[in-house]
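Participant: build me a structure from this.
(2 chains)
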Amino acid sequence: MTESAPPPREDTATRAAPTDEVLAQAQRWREAGHPVALATVVATWGSSPRQPGSQLAVNADLEIVGSVSGGCIEGAVIGEAQAAMADGKARLLEFGVTNERAWEVGLACGGRIKVLVERVGDSP
Amino acid sequence: MKDATLARILEARAARTPLAVVTRVSDGAQGVVSFDGADPSLPEEAAADASRRIADDESGTVEADGEAWFVHVHTPPYRMVVVGAVHIAQPLVKMAVLAGFDTIVIDPRSAFATTARFPGVQVVDLWPDEAMESLRPDSRTAVITLTHDPKLDDAALGVALRSPAFFIGSLGSTRTHAARCKRLRREGFSDSEIARIHGPVGLAIGARAPAEIAAAILAQVVSVRRGGAAAS
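Facilitator: Below you'll find the model as predicted:
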């Protein structure tokens, strides 16, 4: 079959399916020697915007690809991701609704969500 | 997640084979389940649940050995095959890529099918039936013909109608579509087979400009894929 030459590696960022692109970017960071952490939605209740399996990857420079919510909990997840990059331990985070304690991280939509944060790679 | 596990997920994606990554949520212990078998370190119930979830394409949590395990199913990406490297194909391909489709453009007219017009997209300059046979549309593939040229559109539609493609659509007016259906009937396709074709393709949103027509087409594909109310 006659085809165009495959696009350069950077171009894959615009080609792949969203969840897979998160992993493809995580791999590129790993190959460049960066510490990387991966956050995965493992359970949701109520009106959470992202389904189980949705992922976010972050490197030590705090570059981010993907999402685990509509933006409500990403800040807290990234904090835990930095901790996971440092100690190599996976952690399970749970977020619920914010109401009377509005300064706490929570989901304005009224949903609840569990997110698993893990380090990628055997060494930081 | 080990680097090797990450590599395995991405290899499976490239090969269009599904797999599941099974993770103990208490500590991140992890194994892979695929058609080739399950990581022996995983509890049997978790591996069995993962196999079932691969078939259903549904990630979720399972209890095994008194612990919760998250089964993350990685299925091959959806594909959109666009026949006709015409003006509408340019915004359609961009939008489809944003929506997560692996996108392929087919057009034997090499003046149209250039990578300059379709940066970052696989462009195939073969005759549509030959190109379609080699792509083998599966149940995660949408086929959309845009050329209006019976020689090109019908060649692609013949292969698409014999495939399990989840969406088949053809651009063209109601009159063009009626003529198309007549030709396909003469080729021996039944009315119910021909009824799989969304024609004229795209939701009725009053689209006029190429990008608007592309939005109408992508919206219809998404609606069929997700079982939305606006699927027809």
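
Participant: contacting residues for residue 82?
Facilitator: All of this refers to chain A. With contact taken as C-beta atoms under 8 Å, 6 or more residues apart in numbering or on different chains, A:Gln82 is in contact with A:37, A:58, A:60, A:62. C-beta coordinates here come from the backbone N, C-alpha and C atoms, glycine included.

Participant: hmm, no, I was thinking of chain B.
Facilitator: Contact analysis of B:Val82 by C-beta under 8 Å, 6+ apart lists B:89, B:92-93, B:96, B:103-106, B:144, B:146.

Participant: pick the one among the contacts of A:Gln82 closest to chain B.
Facilitator: Nearest to chain B among the contacts of A:Gln82: A:Ala37, at 9.4 Å, using C-beta to the nearest C-beta.

Participant: tell me if the host helix or strand of the closest one is near chain B.
Facilitator: Applying DSSP states H and E as the criterion places A:Ala37 in strand A:36-45. Yes. Residues of strand A:36-45 are located near chain B by C-beta under 8 Å from any C-beta of the partner chain, namely A:38, A:40, A:42-43.

Participant: kindly indicate which of those residues lies nearest B:Phe118.
Facilitator: A:Leu38 (31.8 Å; C-beta to C-beta).

Participant: A:Gly53 and A:Ala39 touch, don't they?
Facilitator: No. Using C-beta atoms under 8 Å, A:Gly53 is not in contact with A:Ala39; the gap is 11.7 Å.

Participant: which one's more surrounded, these two?
Facilitator: It is A:Ala39, of A:Gly53 and A:Ala39, that has more neighbours when counted by other C-beta atoms under 10 Å in any protein chain shown, with 29 against 19.

Participant: so what's A:Asp122 closest to, chain neighbours aside?
Facilitator: B:Lys2 (6.2 Å; C-beta to C-beta, 6 or more residues apart in numbering or on different chains).

Participant: quick one: neighbours of the one you found, just the number.
Facilitator: Using other C-beta under 10 Å, B:Lys2 has 13 other residues around it.

Participant: confidence score at it?
Facilitator: B:Lys2 carries a pLDDT value of 95.

Participant: three-state assignment of the closest residue to B:Leu218 other than its chain neighbours?
Facilitator: Counting by C-beta to C-beta, 6+ apart, the nearest residue to B:Leu218 once its immediate chain neighbours are dropped is B:Met95, at 4.9 Å. For B:Met95, the secondary structure call by DSSP: H, G, I helix; E, B strand; the rest coil comes out as helix.

Participant: circling back to that earlier point, with neighbour count, pLDDT and distance to B:Ala214 added, can I get the contacts of A:Gln82 in TSV?
Facilitator: Converted to TSV, those look like this (neighbours: other C-beta atoms under 10 Å in any protein chain shown; pLDDT from 0 to 100; distance: C-beta to C-beta, whole Å):
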residue	neighbour count	pLDDT	distance to B:Ala214
A:Ala37	29	97	37
A:Val58	26	97	33
A:Ala60	15	94	39
A:Leu62	9	94	35
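
Participant: can you flag which of those residues belong to helices?
Facilitator: In helices, judged by DSSP state H, none of the contacts of A:Gln82 are found.

Participant: looking at the residues you listed, which are in strands?
Facilitator: Secondary structure defined by DSSP state E assigns A:37, A:58 of the contacts of A:Gln82 to strands.

Participant: show me what contacts B:Ser26?
Facilitator: A:92, B:67-68.

Participant: let me know the closest of those residues to B:Val21.
Facilitator: Taking C-beta to C-beta as the measure, B:Val21 sits nearest to B:Ala68 out of the contacts of B:Ser26, at 14.7 Å.

Participant: my guess is that closest one meets B:Thr61, correct?
Facilitator: Yes. With contacts counted by C-beta under 8 Å, B:Ala68 reaches B:Thr61, the gap being 5.4 Å.

Participant: joint contacts of these two?
Facilitator: B:Val25.

Participant: would you mark the buried spots in whichever strand in chain B runs longest?
Facilitator: Longest strand of chain B, by residue count under DSSP E: strand B:67-74. Across strand B:67-74, burial judged by 16 or more other C-beta atoms under 10 Å in any protein chain shown covers B:68-74.

Participant: and chain A, which of the residues you listed contact it?
Facilitator: Restricting the buried residues of strand B:67-74 to those near chain A by C-beta under 8 Å from any C-beta leaves B:70, B:72-74.

Participant: any stretches of chain A with poor pLDDT?
Facilitator: Within chain A, the segments meeting pLDDT under 70 span A:1-20, A:48, A:97-110, A:123-124.

Participant: now the helices for it?
Facilitator: A:18-31, A:74-87.

Participant: and the residue of chain B that's closest to chain A?
Facilitator: B:Gly28 (2.6 Å).
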